[in-house]
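Chemist: structure for this input, please:
(one chain, ligands or ions: 2)
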Amino acid sequence: MVVLSVPAEVTVILLDIEGTTTPIAFVKDILFPYIKENVKEYLQTHWEEEECQQDVSLLRKQAEEDSHLDGAVPIPAASGNGADDLQQMIQAVVDNVRWQMSLDRKTTALKQLQGHMWRAAFAAGRMKAEFFEDVVPAVRKWREAGMKVYIYSSGSVEAQKLLFGHSTEGDILELVDGHFDTKIGHKVESESYRKIANSIGCSTNNILFLTDVTLEASAAEEADVHVAVVVRPGNAGLTDDEKTYYSLITSFSELYLPSST
Ligand SMILES: CSCCC(=O)C(=O)COP(=O)(O)O
Ligand SMILES: [Mg+2]
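Modeler: Residues are numbered from 1 along each chain as shown. Ligands and ions are numbered 1, 2, ... in the order given. Predicted coordinates:
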């Protein structure tokens with residue numbers, strides 16, 4: 001087995017979710033279709049609720065920022081003109097959500113609504129989150145060795161907690177010391193990793209970030225974070241240069257902590 005030694009200065013392991021702890025297929029074949037199929041009904045049922053209105057406001061703001069993009073779907077402001085107007089607005093939100101999802105956009109607005117929609121499905125036991133089989137044993141071992149374990153995903157913190165709280169391995173939320181999402185910044189921007197270190201109270205070089213996306217690895221590395229690229233079944237392929245440049249792991253069990261036995 002290939003072994004990757006974790007530098008002695010590392011005290012925090014920061015984990016991506018999709019493609020790292022969790023198969024991309026679970027996200028693409030279960031989580032995302034649930035949104036596409038249920039978004040209209042969800043909006044119709046919850047429209048009057050404060051939380052839903054906040055989600056729509058954020059989506060409308062995002063739609064304004066996206067107005068220059070090809071195929072962007074605007075969300076009109078409410079005119080208060082009856083049921084037809086409401087149905088048109090709901091349809092605009094549905095079209096906007098589907099358009100963003102067709103591009104796999106990671107906007108905070110989209111991720112916030114998705115998190116709220118998954119809440120009911122997880123709570124009702126209609127979904128259980130999948131984790132690769134090496135994840136839970138490795139995370140337990142790292143924590144026993146004194147490491148802190150944090151999550152940084154484009155999925156909202158609320159969605160992250162749903163996944164860890166309702167997994168095929170049971171409730172594994174207690175294995176995580178904290179969560180970050182795009183509210184701290186986008187994963188392809190190095191400033192986000194400096195802010196994460198600051199929020200945890202450590203230096204960036206105390207962090208090892210595991211991700212499947214080399215653009216994220218590159219941004220983290222620019223901030224002096226240690227990185228390893230995770231190669232899982234179903235992940236996007238890497239170029240030869242990426243394979244040479246980055247430390248690669250195919251399982252969390254390949255990480256060797258000098259402090260552990
Ligand atoms: C944690 S919620 C489900 C996944 C998701 O919506 C997503 O965008 C995953 O992005 P990641 O940064 O974990 O690759
Ligand atoms: Mg990922």
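Chemist: show me the contacts for the residue lying closest to D16 once chain neighbours are set aside.
Modeler: Spatially, and ignoring its direct neighbours in sequence, D16 is nearest to T211 (3.9 Å; C-beta to C-beta, 6 or more residues apart in numbering). The C-beta positions use only the backbone N, C-alpha and C, and glycine is treated the same way. For T211, the contact set (C-beta atoms under 8 Å, 6 or more residues apart in numbering) comprises D16, G19, T20, K187, A217, A220, V227, V229, V230.
Chemist: swap the cut-off to 10 Å and go again
Modeler: By C-beta atoms under 10 Å, 6 or more residues apart in numbering, the residues touching T211 are 14-20, 152-153, 187, 217, 219-220, 227-230, 246.
Chemist: return the members of those classed as buried.
Modeler: Listed as buried from those are 14-20, 152-153, 187, 217, 219-220, 227-230, 246; burial here means 16 or more other C-beta atoms under 10 Å.
Chemist: restrict the residues you listed to those near ligand 1?
Modeler: D16, I17, E18, G19, S153, K187 (C-beta under 6 Å from any ligand atom).
Chemist: secondary structure element for the nearest residue to T214 once chain neighbours are set aside, which one?
Modeler: Ranked by C-beta to C-beta, 6+ apart and with sequence neighbours excluded, the top spatial neighbour of T214 is E242, at 5.1 Å. Per DSSP states H and E: E242 is located in helix 240-245.
Chemist: on that earlier part again, which of the buried ones among the contacts of T211 fall within helices?
Modeler: A217, A219, A220 (DSSP state H).
Chemist: of these, which is the nearest to ligand 2?
Modeler: Here the nearest of these to ligand 2, counting by C-beta to the ion, is A217; it sits at 10.4 Å.
Chemist: now do the contacts for the closest one.
Modeler: Counting by C-beta under 10 Å, 6+ apart, A217 makes contact with 16, 187-188, 209-211, 225-230, 242, 245-247.
Chemist: state the mean pLDDT of the helix or strand containing V39.
Modeler: Element membership for V39, per DSSP H and E: helix 32-46. Averaging pLDDT along helix 32-46 yields 96.
Chemist: and for it, what's in contact with it?
Modeler: Residues outside helix 32-46 that contact it (C-beta under 10 Å, 6+ apart): 26-27, 52-53, 55-56, 86-87, 89-91, 93-98, 101-102, 104, 110, 113-114, 116-118, 120-121, 126-127.
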